[in-house]
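Trainee: Next input, structure requested:
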Amino acid sequence: MILTERDLMKKYLSYLKLERGLSQNTVEGYRNDVYKLLLYIGTENLTREILQKVDIQQFICGLQDIGIHPRSQARILSGLKSFYKFLCLEDYISVNPVESIEGPKIGLHLPEVLSVEEVNRMVDSFDMSLPESQRNKAIIEVLYGCGLRVSELINLKMSRIYEKEEFIIVEGKGDKQRLVPISRIALHEIEKYKKDRMLLNVKKGDEDILFLNRRGGRLSRVMIFYVIRNQCEICGIHKKISPHTLRHSFATHLLEGGANLRAIQQMLGHESITTTEIYVHLDKEFIKSEILNHHPRNMKFRT
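Mentor: Residues are numbered from 1 along each chain as shown. Okay, the predicted model is just below:
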């Protein structure tokens, strides 16, 4: 018998309180962790009964991408492991997709970055005869060229792109807007993609959204993840890559080129400069000048 989410949660919460003897605060925390996953399952058209390890990994990547601290990620994963252990004990599922997933390492650590050569390799590896290749190439140029969060990318509006002035308006965390310079090479790839976009039957409500799927709707976060991972496999990059990796690489390469930390902070939409300082794992004497003059893709396009 398949229980409704409400009935299943009642049984799970009773299990936590009666059999595990957890405090009310801990039970509430576990409940909230499960609801986060159930919401994700609903938005991605998945079901809890056939959820696979890769789906949980994508969920955790999403937490990382929106800036959830590694300690909070680890706590949420702990809650999910408790929930799926309960599902196995009660024979609601036969395979536990969370069991072998390792939590994020706690503490300050340097984010994974791509080299400039690897980014160039990725961008140059598209087979432009394949469907969506122009869109995906433009996506990577915008992610890496502007340092956007994946949520900012999938909600980027055409009306917020100012080609002549070479900037875009991005809606970040808390619906806060910021101006972000955009390179000519990214604008060039967007213009080429727009020709393909004009052929789509755009869904109501997404008319102003720049990047769309083949059905005319806005892309999901998971789809962006797959686009980047697939392109890395094609060009032989063997790193744990996510959309956030391009954001990390954007910041690191600007610092290597001499861009000012405050300018990078504004580009990334960080409230505090200490958040940006995680990228300063190079000599601070490099930090000198304007952003667009130091971005490697921009310099390549100018030559």
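
Trainee: Show me the helices in the stretch 101-250 of the chain, by range?
Mentor: 116-124, 133-146, 150-154, 184-197, 221-234, 243-257 (DSSP state H, counting those that start in this stretch).

Trainee: between the ones you listed, which gets nearest to Lys204?
Mentor: helix 184-197 (15.9 Å; CB to CB). For every residue, glycine as well, the C-beta is placed using N, CA and C.

Trainee: Below-threshold pLDDT in the protein: ranges please.
Mentor: Scanning the chain for pLDDT under 70 picks out 1-3, 48-49, 65-69, 105-111, 174, 255, 258-262, 270-303.

Trainee: Now do the domain split for it, please.
Mentor: 5-89, 116-302 (automatic domain parsing).

Trainee: got JSON lines for those domains, with distance to Pro97 and mean neighbour count too?
Mentor: As requested, the domains of the chain are exported to JSON lines (distance: least, CB to CB, whole Å; neighbours: other CB atoms under 10 Å):
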{"stretch": "domain 5-89", "distance to Pro97": "5", "mean neighbour count": "16"}
{"stretch": "domain 116-302", "distance to Pro97": "15", "mean neighbour count": "17"}
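
Trainee: do you know which of the helices of the stretch 101-250 of the chain lies nearest Leu89?
Mentor: That would be helix 221-234 among the helices of the stretch 101-250 of the chain, by CB to CB, at 29.3 Å.

Trainee: ok, residues contacting the closest one?
Mentor: 44, 58, 61-62, 65, 122, 125-126, 136, 139-140, 143, 150-151, 153-154, 213, 238-239, 241-243, 245-246 (CB atoms under 8 Å, 6 or more residues apart in numbering).

Trainee: And for stretch 156-165?
Mentor: Contacts for stretch 156-165 (CB under 8 Å, 6+ apart): 142, 148, 168-170, 182, 187, 190-191, 208-211.

Trainee: at 10 Å instead, please
Mentor: 139, 142, 146, 148, 167-171, 177, 179-182, 184, 186-188, 190-191, 194, 197, 206-211, 218 (CB atoms under 10 Å, 6 or more residues apart in numbering).

Trainee: Ends of it, what's the gap?
Mentor: 17 Å (CA to CA, to the nearest Å).

Trainee: cool, stretch 112-130 as well?
Mentor: One end of stretch 112-130 to the other measures 29 Å (CA to CA).

Trainee: roughly how far is that stretch from the heart of the chain?
Mentor: 18 Å (CA atoms, centre = their mean, to the nearest Å).
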